[in-house]
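Peer 1: Sequence and predicted structure, then a few things I'm wondering about:
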Amino acid sequence: MGYSSLFLICFLLVVVLSVSNGQPLVPALFIFGDSVVDAGNNNHLYTIVKANFPPYGRDFKNHNPTGRFCNGKLASDFTAENLGFTSYPPAYLNLKAKGKSLLNGANFASAASGYYESTAKLYHAIPLSQQVLNYKECQNILVDVAGQSNTSSIISGAIYLVSAGNSDFIQNYYINPLLYKVYTADQFSDILLQSYSNFIKNLYALGARKIGVTTLPPMGCLPAAITLFGSHSNECVDRLNNDAINFNKKLNTTSQSLQKTLPNLKLVLLDIYQPLHDLVTKPSENGFFEARKACCGTGLLETSILCNHQSIGTCANASDYVFWDGFHPSEAANKVLADDLLIAGLSLFS
Ligand SMILES: *[C@@H]1O[C@H](CO)[C@@H](O)[C@H](O)[C@H]1NC(C)=O
Ligand SMILES: *[C@@H]1O[C@H](CO)[C@@H](O)[C@H](O)[C@H]1NC(C)=O
Ligand SMILES: *[C@@H]1O[C@H](CO)[C@@H](O)[C@H](O)[C@H]1NC(C)=O
């Protein structure tokens, strides 16, 4: 047995013990970003990018369409469970007034948001800059309910989970001539990373010390991306995957330099690319049988309002599908991704 698997087993033992004590591994989990992690903030916005209606949520607790872009749990929900929390960080816009429910964290993410401010504006979603302001407001609420000293330890001990960049490419760059005619994908990546850098510095200035950032997924393998940008081959689109790989490399370099300039910051990249690529290219080895088509509707394109209870063709059971809708993994795939995230994120809580 390798050192790392031994380490993992010891670690999991610690998780199990602390979880059975009813004590999460960290005081709180704060979540920022896009539809991959939005747990219902967009329900409260005038946007078409929503998922608070069936069949979304049909495999969630009480079959509740909470606004999650999934049939069930998001990878971040599994992460919350893995950390020992008994509830998920609530969507911040759901509960502004209820101070105590913020003690274990909150979710500020907004579908169709990203590192590029105008992506969110295009869809009337919450830009990352505003998500940070909402977090700042949340800190003030915490001081009111828990006092300054408890709040300080919550802030510095918490894990901050960030998922962004997907919408900047898929819902903006690739379909927006004002961007793709002006910038190469490489130049656009540089712009996104500049904004990423500022975002991390702002979170750090507000006290965040343990930040996990997800990479871009294999964008060219998302069912809707194959339909829109593929050449009728049903294969992953290389151009989009290469853009993701290139972005992820830059994300790594930028993160390393942030790590060097910001004392006591633990900044970890959580790789989504490889595990999701494995699921898509080798579904049966991972217990899935369908990776090209999503479960909802025809499975080739539909997401958000186009994936609804009248969509024709929605599968009966999503557990064999890698994708739930045209852009988002199924709960079953999210479980696999979350297990990988846990391993990648070990250094955040060890
Ligand atoms: C701070 O936390 C401690 C331990 O959980 C608790 O006993 C105390 O009441 C908290 N302080 C405030 C002001 O809520
Ligand atoms: C960047 O990549 C290197 C080499 O693969 C890895 O060791 C390092 O942990 C990565 N950096 C971050 C911040 O994830
Ligand atoms: C879907 O299938 C899995 C196994 O194939 C089964 O465990 C699960 O109960 C099914 N879900 C529903 C809602 O039928």
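Peer 2: Okay, I see it. Ligands and ions are numbered 1, 2, ... in the order given.

Peer 1: Am I right that Thr214 is in contact with Asn166?
Peer 2: No: in this structure Thr214 lies outside contact range of Asn166 using Cβ atoms under 8 Å: 9.2 Å. Where you see a C-beta, it was placed from the backbone N, CA and C, and this is true even at glycine.

Peer 1: Overlap in contacts, the two.
Peer 2: For the pair Thr214 and Asn166, residues contacting each of them under the criterion Cβ atoms under 8 Å, 6 or more residues apart in numbering are Val36.

Peer 1: isn't there a strand covering Gly212?
Peer 2: Yes: when the secondary structure is assigned by DSSP: H, G, I helix; E, B strand; the rest coil, Gly212 falls within a strand.

Peer 1: ok, now how distant is it from ligand 2?
Peer 2: 10 Å (Cβ to the nearest ligand atom, to the nearest Å).

Peer 1: need the contact list for that residue.
Peer 2: Taking Cβ under 8 Å, 6+ apart, one finds 159-162, 268-270, 341, 344-345, 348 in contact with Gly212.

Peer 1: Next: Ser87.
Peer 2: Ser87 sits next to 80, 104 when contact means Cβ under 8 Å, 6+ apart.

Peer 1: let's see 10 Å
Peer 2: Under the criterion of Cβ atoms under 10 Å, 6 or more residues apart in numbering, the neighbours of Ser87 are 80-81, 101, 104-105.

Peer 1: Of those residues, which pair is most distant in space?
Peer 2: Of all pairs drawn from the contacts of Ser87, the greatest distance, 17.4 Å, lies between Glu81 and Ser101 (Cβ to Cβ).

Peer 1: Around the residue nearest to His124 when sequence neighbours are not counted, how many other residues sit close by?
Peer 2: Computed as Cβ to Cβ, 6 or more residues apart in numbering, the closest residue to His124 that is not its neighbour in sequence is Thr47, at 4.2 Å. Here the count is done by other Cβ atoms under 10 Å, and Thr47 has 19 residues near it.

Peer 1: tell me the SS of Thr47?
Peer 2: Here Thr47 is coil, with the state taken from three-state DSSP.

Peer 1: Might one say that it is in contact with Gly67?
Peer 2: No: contact between Thr47 and Gly67 fails when scored by Cβ atoms under 10 Å: they sit 11.0 Å apart.

Peer 1: between the two, what contacts are shared?
Peer 2: Taking Cβ under 10 Å, 6+ apart as the contact rule, Thr47 and Gly67 both touch 41, 111.
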